[in-house]
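> Got a sequence here, can you model it:
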Amino acid sequence: MRAMSELDHSDLDGRLLQLLLTVVEEGSVTRAAERLGVSQSAVSHLLDKLRAIVGDPLFVKAGRGIVPTARAEVLAQRARVLLEELRSFATPERFDPATLQTGFTIAANELQCDLLLPPLLRRLRAQAPGVTLRVIPSGVPSPEMLRQEQCQLVISPRPPDAGDLMQRRLFTDRYVVFFDAEARAAPVDLADYLRADHVTVAYEPRRPIDVDDRLAERGVQRRFVASVPGFAGIAAFLRGSPLLATLPASLQGGLLRGFASAEPPLAIDPMPMFMVWHARRHSDPVQRWLRDELLEVATEVTGQSGA
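From the prediction side, this is the model:
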């Protein structure tokens, strides 16, 4: 039998990866042992083996429990991906949607939800009647939403920047200026546009939506008299008022149906929309099916082909 000092990466296996992940999630050797159905001494022995392989203490005491080192947190993220790949290795690549009994959770804001998710659910359930869909607000999405499996997909124009996340563009939207035609006319030029009062969306304090960020960076100063936490709140402020709202054109068919719109009096780059998922789910055939169906819906709804 080799000494601990002689162990190297070739001694890693799925059991050690699962052990690390379980201890990180439980914050206790005792609870990890109970969850894995082994003795505490077995967990301690395997942890010592893993420490020898990676050259790190992995956990330090904190009160009555233990907390992972920075190295252990990084290794735990990688262990999730590796374990998912191991599961995929042993899972048949094909599946029958008609037999699927599962629920999907997608993080999206009102624009994406209104435009894409009702037709997505209809498309999914036509093939898989046992499928359900839960939508949660994405706000300003964070990598943790996917890392902690709060959802399977995030739909956002601002995908989180993280090495363990993957993304694909669904479509690109242009910006228009919305207004109530019974209360005012479209702005005739840039000066008219800048003189007007504006309403906008802010999902977080000091975190403007993409178009507001871009215009501010270019020195375009507008007077915002109201901001709301989502697109659904815009209509009430526009109705019967001279306010303007510079927002994605796809809102015309949904939340801002019935309002007039005009092209902005200055050039604004279009807004890309992405779907984002965690790398550990990339090869999962069920979730690959979900992504393919969402891409098909986006193509049908917008007439664009995702790239």
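
> For the rest of this, base every contact and every neighbour count on C-alpha atoms.
Will do.

> Got phi/psi on Leu256?
Here the main-chain torsion angles of Leu256 (degrees, to the nearest 10) amount to phi -110, psi 30.

> same deal with Pro57?
Main-chain dihedrals, Pro57, degrees, to the nearest 10: phi -70, psi -20.

> Helix or strand: which one has Arg214?
When elements are defined using DSSP states H and E, Arg214 is found to belong to helix 210-217.

> what about the residue nearest to Val43 when sequence neighbours are not counted, distance to Ser44?
Across the structure, with Cα to Cα, 6 or more residues apart in numbering as the measure, the residue nearest Val43 apart from its sequence neighbours is Ala33 (6.2 Å). With the distance defined as Cα to Cα, to the nearest Å, Ala33 ends up 9 Å from Ser44.

> what about the two, which has more around it?
When Ala33 and Ser44 are compared for neighbours, Ala33 comes out ahead with 20 against 14, by other Cα atoms under 10 Å.

> Kindly list the main-chain dihedrals of that one?
Note on Ala33: backbone dihedrals following degrees, to the nearest 10 are phi -60, psi -40.

> Check the one 5 residues further on too.
Main-chain dihedrals, Val38, degrees, to the nearest 10: phi -130, psi 170.

> Counting neighbours, what do you get for it?
By other Cα under 10 Å, the residues close to Val38 number 12.

> Check it and give its pLDDT.
Looking at Val38, its pLDDT is 90.

> In contact with Arg134, which residues?
Contacts of Arg134 were listed using Cα atoms under 8 Å, 6 or more residues apart in numbering, and they are 103-106.

> Dump those to JSON lines, plus secondary structure and neighbour count.
Converted to JSON lines, the contacts of Arg134 look like this (DSSP: H, G, I helix; E, B strand; the rest coil; neighbours: other Cα atoms under 10 Å):
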{"residue": "Gly103", "secondary structure": "strand", "neighbour count": "12"}
{"residue": "Phe104", "secondary structure": "strand", "neighbour count": "15"}
{"residue": "Thr105", "secondary structure": "strand", "neighbour count": "16"}
{"residue": "Ile106", "secondary structure": "strand", "neighbour count": "23"}
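
> what's the most distant pair in these?
Taking every pair in the contacts of Arg134 and measuring Cα to Cα, the maximum separation is 10.0 Å, between Gly103 and Ile106.

> Next, show the common contact partners of these two.
For the pair Gly103 and Ile106, residues contacting each of them under the criterion Cα under 8 Å, 6+ apart are 133-134.

> Tell me which residues of the helix holding Arg214 come out buried.
By neighbour count with 16 or more other Cα atoms under 10 Å, helix 210-217 contains the buried residues 210-212, 215.

> and if you look at stretch 141-157?
Using 16+ other Cα under 10 Å as the test for burial, stretch 141-157 gives 141, 143, 145-147, 151-157.

> same question, stretch 186-198
For stretch 186-198, burial by neighbour count (16+ other Cα under 10 Å) applies to 186-187, 193-194, 197-198.

> what is the mean pLDDT for stretch 42-53?
Stretch 42-53 shows a mean pLDDT of 91 in the predicted model.

> Dump it to CSV, restricted to CA.
The C-alpha trace of stretch 42-53 is given here as CSV (Å, rounded to 0.1, in the frame of the first residue of the first chain):
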residue,chain,number,x,y,z
ALA,A,42,-14.5,6.7,6.5
VAL,A,43,-15.2,10.4,5.6
SER,A,44,-12.2,11.6,7.6
HIS,A,45,-9.9,8.9,6.0
LEU,A,46,-11.0,9.9,2.4
LEU,A,47,-10.6,13.6,3.2
ASP,A,48,-7.1,12.9,4.3
LYS,A,49,-6.5,11.1,1.0
LEU,A,50,-7.9,14.0,-1.0
ARG,A,51,-5.8,16.5,1.0
ALA,A,52,-2.7,14.5,0.1
ILE,A,53,-3.6,14.5,-3.6
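
> before we move on, back to that, check the residue nearest to Val43 and give its pLDDT.
Ala33 is given a pLDDT of 91.

> can you pull the contacts of it?
When contacts are counted by Cα under 8 Å, 6+ apart, Ala33 is found next to 39-40, 42-43.

> Show me the protein divided up by domain.
4-89, 101-166+273-302, 175-269 (automatic domain parsing).

> Can you give the distance of stretch 193-210 from its chain's centre?
How far stretch 193-210 lies from its chain's middle: 23 Å, per Cα atoms, centre = their mean, to the nearest Å.

> Straight-line length of it, end to end?
Distance between the two ends of stretch 193-210: 18 Å, counting by Cα to Cα.

> other SSEs contacting the longest helix that the chain contains?
Taking DSSP state H as the assignment, the helix of the chain that covers the most residues is helix 70-89. Here helix 70-89 is seen to pack against helix 14-26 when contacts are counted using 3 or more Cα pairs under 8 Å, 6 or more residues apart in numbering; DSSP states H and E.
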